[in-house]
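> Sequence first, then the predicted structure, then my questions.
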Amino acid sequence: MTDVSVKNGLLTSITLHVEDSGGTGRPVVLIHGWPLSGESWSEQTGPLAAAGYRVITYDRRGFGESDKPKGLGTSGYDYDTLADDLHGLLTELDLHDVTLVGFSMGGGEVARYASKHGNERVHSVVFAGAVPPYLAKSDDNPDGPLDADTAAGFEAGVKNDREKFFDQFMTQFFSADGTLTVTEDQRQQALALEAQADHRAELGCLNAFGTTDFREDLTKITVPTLVIHGDSDAVVPFEGSGKRTHEAIAGSELVVVEGGPHGFNVSHAGELNEALIAFLAK
């Protein structure tokens, strides 16, 4: 466990909370989803470390135990800034030959990192239930799975009744075809991680992952790529996201987890871990 100070593109720096398994194995950086923290990877860190990898998680700015910048309102959570945070982390820890694993909105950092900072430090990437290539439905993106009314409902829920909204959201997060696929204790653990987040960060990141177009970013990915997604994801549907990302990245591998909800890293942890370890070994 450590804290890492990274430049945020301004004159100041920001401190990110990091968990690092250490060791000499090839590094794997796990980038969490919204509205959680690095602790949401608890089902993956042990198995990956046992397989010989140096496993690193961190809390995104505004979440978990990382700094929660004041005075920015809901700005300061765009993907250029978040990708710069990731680059600062890799630089400060002097990481090379890294596999970046982005879950949900974390897939956006993976995509934007490739276009902003290149692949020099990167061995391979994984998009797990991830938001690219572009969630927002529009005339230019008719296959986007997030329509304007749904996006507005999310924002209103977070603003007006945060507790009620996230209680419902975490049920959807872990449900497949309307059935909860984890224990109530696991759902409550996720709610506890959400409660650590700054309200402005939640709104800022909601806007970021809901409106950012990663289609051009995906063309910059030239390293081995795994796309893994649950076929019953009710938050980031496979057809509008994972399937399209796989099609956009030449030579990428695709694993579809049968019955997997959005939070399949918990509900189907064994299947995800097996696929990750097999991919990392290549």
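Structure received. Numbers count the residues shown, from 1 in each chain.
> got the contact list for D143?
The neighbourhood of D143, defined by C-beta atoms under 8 Å, 6 or more residues apart in numbering, consists of K137, E239, G240, R244. Where you see a C-beta, it was placed from the backbone N, CA and C, and this is true even at glycine.
> SS state for it?
Under DSSP: H, G, I helix; E, B strand; the rest coil, D143 falls in the coil class.
> and the gap between it and N207?
21 Å (C-beta to C-beta, to the nearest Å).
> Can you list the buried residues in stretch 5-23?
Residues of stretch 5-23 classed as buried: V6, N8, I14, L16, H17, V18, E19, D20, S21 (neighbour count, 16 or more other C-beta atoms under 10 Å).
> Ok, stretch 125-145 next?
Neighbour-count burial for stretch 125-145 [16+ other C-beta under 10 Å]: 125-137, 141, 144-145.
> I'd like to check which residues are in contact with the residue positioned nearest the centre of the chain.
When the chain is reduced to its mean C-alpha position, the nearest residue by C-alpha atoms, centre = their mean turns out to be G106, at 2.1 Å. Contact analysis of G106 by C-beta under 8 Å, 6+ apart lists L30, I31, H32, G33, R60, A128, A130.
> try P145
By C-beta under 8 Å, 6+ apart, the neighbours of P145 are L135, K137, V236, P237, E239, G240, S241.
> Which parts of the stretch 101-250 of the chain are strands?
Per DSSP state E, counting those that start in this stretch, the stretch 101-250 of the chain carries strands over the ranges 122-128, 175-176, 179-180, 225-230.
> what helices or strands is the longest one leaning on?
This means strand 122-128. Applying 3 or more C-beta pairs under 8 Å, 6 or more residues apart in numbering; DSSP states H and E, one finds that strand 122-128 contacts strand 98-103, helix 106-117, strand 225-230, helix 269-280.
> So which helix or strand of this structure has the lowest pLDDT on average?
strand 2-7 (a mean of 84; mean pLDDT, DSSP states H and E).
> Starting from that strand, tell me which strands it pairs with and how they run.
Sheet partners assigned to strand 2-7 using DSSP bridges are listed as strand 13-20 (antiparallel).
> okay but G230 is in contact with H262, surely?
Yes - distance between G230 and H262: 6.6 Å, which falls inside the contact criterion (C-beta atoms under 8 Å).
> Between those two, which contacts overlap?
G129.
> So which of those two has more stuff around it?
G230 (29 against 26; other C-beta atoms under 10 Å).
> what sits against that one?
For G230, counting by C-beta under 8 Å, 6+ apart, the contacting residues are G129, A176, F238, V256, V257, G259, G260, P261, H262, F264, H268.
> what do you get if the cut-off is 10 Å, keeping everything else the same?
128-129, 176, 181, 236-238, 242, 256-265, 267-268, 271-272 (C-beta atoms under 10 Å, 6 or more residues apart in numbering).
> Filter those residues down to the buried ones.
128-129, 176, 181, 236-238, 242, 257, 260-265, 267-268, 271-272.
> ok, back up a step: for the least confident helix or strand of the chain, list the C-alpha coordinates in PDB.
The C-alpha trace of strand 2-7 is given here as PDB (Å, rounded to 0.1, in the frame of the first residue of the first chain):
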ATOM      1  CA  THR A   2       1.400   3.400  -1.000                       C
ATOM      2  CA  ASP A   3       0.400   6.800  -2.200                       C
ATOM      3  CA  VAL A   4       1.700   8.200  -5.400                       C
ATOM      4  CA  SER A   5       1.800  11.900  -6.300                       C
ATOM      5  CA  VAL A   6       1.300  12.600 -10.000                       C
ATOM      6  CA  LYS A   7       1.200  15.800 -12.100                       C
END
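> Centre of the chain to that strand, how far?
19 Å (C-alpha atoms, centre = their mean, to the nearest Å).
> thinking again about what came up before, need the max-distance pair from the contacts of G106.
Spatial extent of the contacts of G106 (C-beta to C-beta) is set by the pair R60 and A128 at 15.4 Å.
> quick revisit: greatest separation within the buried residues of stretch 5-23: which pair is it?
Farthest pair in these, by C-beta to C-beta: N8 and S21, 25.8 Å.
> thinking again about what came up before, out of the buried residues of stretch 125-145, which is nearest to A278?
Among the buried residues of stretch 125-145, and counting by C-beta to C-beta, the member closest to A278 is V126, at 11.5 Å.
> List the beta-bridge partners for the closest one.
Where V126 sits in a bridge, its partners, by DSSP bridges, are V101, L226.
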